[in-house]
Structures are given as structure tokens and as C-alpha cells.
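**Student:** Sequence first, then the predicted structure, then my questions.
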Amino acid sequence: TLSSPSTLPPSLPNLNPPLVDIDCNFLHRDMPAFPDVLKHPSTLQSNIVGYVSPGSDLDESSTMIRRLDELLGSGGEALPAITTTAGIHPYSTSGELASSLPQTKDRLLSLLESPHVSCVGECGLDYSEGFPERSAQLPLFELQVEVACERGKPLFLHTRAAHEDTVAVLEAARGRFGSLPPMVVHCFTGSRSDLDDFLALGCYIGFTGSIFKEPEEAADLLAAVPRDKLMIETDAPYMGFAGCRDVFVDLDPAAQSLPAGKRKKMKKQKYPNVPSSLVMVLDGVAKARGEERDEVAKYTT
């Protein structure tokens, strides 16, 4: 059941249009406790009616499926729509997994049977320092793209410092299967050339609070994305930015009894990012594109 203004306490009038956060990592150890964070006053006031909480590996995907079963089975008050993904993040890849692809595929296919799973992923390639070797990442990405194509499931993509290989895998799959499923490149931070490549493949593009780091460059990128391909996200607890915790701290009951200096320090922190910062991402996107916030909210939701 989607959340509605009726879930808000009378002291928190709903001033925000309905929003969807396509990446909020609810099970991350640094996030406010799930599902309690859904009832936090700042979350309620943000009017987020839908979330994707992606899995970083198959164990986490399985855990989120179980948690959603428990949450929805408990009944009670209205909740936002929440889905998860099933897949292996580049950081979670390993040589061991890459050498047991049939078993990995079987487990992935089993998880995709859950009605809570909306996408294959979070998957992709990331050649940044500290990530597993290309030889471990590439076979597992190819496998997940294959499964998405075979099952017609959307792909939830992560790519960084690996653009050419990412595009090559997707183009090879399109050649093999004749078409690609719906795909979203989440937390896009690439170049205009990268963006054009992904749009040519039919990808949706997700933007986070990273748009505030280089606002002029971000505005150029945002202007190039068609309305029907633009999505917004927090990527909480990651991708924090100045002010991202302000509303959370201001409305947090536990923070009200703290000294003013302590609350000020909490606000200055950019980590962990929280769901309520999605409203600021919305406003940043609207400003960069020269559009009304309600209008942006409607076509990104």
C-alpha cells in the first residue's frame, strides 16, 4: 500500500509531491534501523511512496526478501511500495563465484521468483582501486545480463571507471538476444559521452546528491536526459552532501533533547545519508533543468 498524507502526524503537513527513491540501501549497517526509518517524521514528511532497496550480493537479496515478507505479512498501517533486487555488486564479486557460474545462476534464478524482486542487480563493473580484479567481475556481470535478458527482468546497473567494458557487455547481449530489458544506470557520475552511450542503449539514468558537487557539469548532463529516462535517488547511506541530514536531525525525536552544538554537528555530517534528502535531490534536479519541482516529481515517479 502506498503511503499517503494520512500517515503524517498533524504537526507535519505534507508539502512534498509523491516521490520514488530508486536506491535506498535499507539493510546497510549504517542506515537508521529498518523498517523503523519508514516511520521517521522526516521520511513521512518527504512523501516517498516507493523505494528500491538493492541487494549487494545474493545473501543480502535473500535477507531483504525475507524482511519484506515479514513486513508485509504483519499488516497494520500503510507502507510505501518497496522492492529489492537480486544480484552481485562488482565489489562482491570474487574468483570463487566466477568459477562457479552454473551454481550462481541457479541461485539467482531462484531469488528472481520472489514477487519482491524488481530487477537483476545491483550489477555491473567497477575498476576503481580496491575492487576485485576484472577477471572476477566480468564473467559475473555477463551472467547477470544474460539472466535479465532471458527472463525479461530489468537491470539495475553500477558502473565506474569501466565504461567501455560495460557498454561492450550490453551491446553483445543485445546482439545475442535481439533486444535488452529495461535498464537503469544508477548514481550516474560519468561524462556526456558516457551518458549518450547509455541513452542510445535505452537506459534510464539515476541521479543522486552528487549533482551538487559540480553543479554546472551536472546541469549540462541533466539537460540532456529525456523526461522519460530520468530517475532520482539518494543511494543512502552513501552520496551524502551538505545539508542532507538537516531535516532528519530537525525532526528526530531523539535529537531534540541533545545540546544545540551536538545537533549542529549531526547536521554537518554527510554520512550516513538518509531518505529525506531525496527532496533536496528533487529540488536540485528541478533547478538545474529549469522546471517546476512538482513536474519533475511526476515524471520521475
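**Tutor:** That came through fine. Numbers count the residues shown, from 1 in each chain.
**Student:** Do a quick rundown of the strands in the stretch 1-150 of the chain.
**Tutor:** 19-21, 48-53, 81-86, 117-126 (DSSP state E, counting those that start in this stretch).
**Student:** Buried deepest among those, which one?
**Tutor:** Of all the strands of the stretch 1-150 of the chain, strand 117-126 has the most neighbours on average by mean count of other Cβ atoms under 10 Å, namely a mean of 26. C-beta coordinates here come from the backbone N, C-alpha and C atoms, glycine included.
**Student:** With just CA atoms, put it into CSV.
**Tutor:** C-alpha atoms of strand 117-126 as CSV (Å, rounded to 0.1, in the frame of the first residue of the first chain):
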residue,chain,number,x,y,z
VAL,A,117,12.4,-8.7,-6.7
SER,A,118,12.0,-6.0,-9.3
CYS,A,119,15.4,-6.1,-11.0
VAL,A,120,18.6,-8.1,-11.6
GLY,A,121,21.5,-6.4,-9.8
GLU,A,122,22.9,-4.3,-8.5
CYS,A,123,25.4,-5.5,-11.1
GLY,A,124,28.0,-4.0,-13.4
LEU,A,125,31.7,-3.2,-13.5
ASP,A,126,33.8,-1.1,-11.3
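**Student:** what pairs with it, and is each one parallel or antiparallel?
**Tutor:** Strand 117-126 has its sheet partners listed here by DSSP bridges as strand 81-86 (parallel), strand 155-160 (parallel).
**Student:** Contacts for the first one, please.
**Tutor:** I take that to be strand 81-86. Contact with strand 81-86 is made by 1-2, 26, 49-55, 58, 61, 64-65, 68, 71, 108, 111-112, 114, 116-122, 156, as judged by Cβ atoms under 8 Å, 6 or more residues apart in numbering.
**Student:** isn't residue 131 right next to residue 92, touching?
**Tutor:** No - using Cβ atoms under 8 Å, residue 131 is not in contact with residue 92, being 10.0 Å away.
**Student:** I'd like to know which of the strands paired with strand 117-126 lies nearest to residue 300.
**Tutor:** Proximity to residue 300 (Cβ to Cβ) singles out strand 81-86 among the strands paired with strand 117-126, at 14.8 Å.
**Student:** By residue count, what's the longest helix in this protein?
**Tutor:** Longest helix in the chain, counting residues (DSSP state H): helix 134-151.
**Student:** For it, give the mean pLDDT please.
**Tutor:** For helix 134-151, mean pLDDT is 98.
**Student:** and for it, what are the contacting residues?
**Tutor:** For helix 134-151, the surrounding residues in contact (Cβ under 8 Å, 6+ apart) are 87-88, 90, 93-95, 97-98, 101, 104-105, 108-109, 112, 119-121, 123-127, 131, 153-155, 162, 165-166, 169-170, 172-173, 176-177, 179-181.
**Student:** Tell me the buried residues within these.
**Tutor:** Taking 16 or more other Cβ atoms under 10 Å as the criterion, what is buried in the contacts of helix 134-151 is 87-88, 90, 93-94, 97-98, 104-105, 108, 112, 119-121, 123-127, 131, 153-155, 162, 165-166, 169-170, 173, 180-181.
**Student:** So which elements touch the helix or strand that contains residue 196?
**Tutor:** If you go by DSSP states H and E, residue 196 is part of helix 192-200. Contact here means 3 or more Cβ pairs under 8 Å, 6 or more residues apart in numbering; DSSP states H and E; on that basis helix 192-200 packs against helix 163-177, strand 204-207, helix 215-223.
**Student:** Export only the CA atoms of that helix, formatted as PDB.
**Tutor:** Included here for helix 192-200 are C-alpha records, laid out as PDB according to Å, rounded to 0.1, in the frame of the first residue of the first chain:
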ATOM      1  CA  ARG A 192      28.500  13.400 -21.500                       C
ATOM      2  CA  SER A 193      29.900  10.900 -23.900                       C
ATOM      3  CA  ASP A 194      29.100   8.100 -21.400                       C
ATOM      4  CA  LEU A 195      25.600   9.400 -21.000                       C
ATOM      5  CA  ASP A 196      25.000   9.400 -24.700                       C
ATOM      6  CA  ASP A 197      26.100   5.800 -25.000                       C
ATOM      7  CA  PHE A 198      23.700   4.700 -22.200                       C
ATOM      8  CA  LEU A 199      20.800   6.700 -23.700                       C
ATOM      9  CA  ALA A 200      21.500   5.100 -27.100                       C
END
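**Student:** for the chain, which spans come out with low pLDDT?
**Tutor:** For the chain, the stretches flagged by pLDDT under 70 are 1-14, 75-77.
**Student:** quick one: the spatially most distant residue from the centre of it from residue 187, how far?
**Tutor:** What lies farthest from the middle of the chain is residue 259; by Cα atoms, centre = their mean that is 33.7 Å. According to Cβ to Cβ, to the nearest Å, residue 259 stands 35 Å off from residue 187.
**Student:** Having no further points to raise, I will conclude here.
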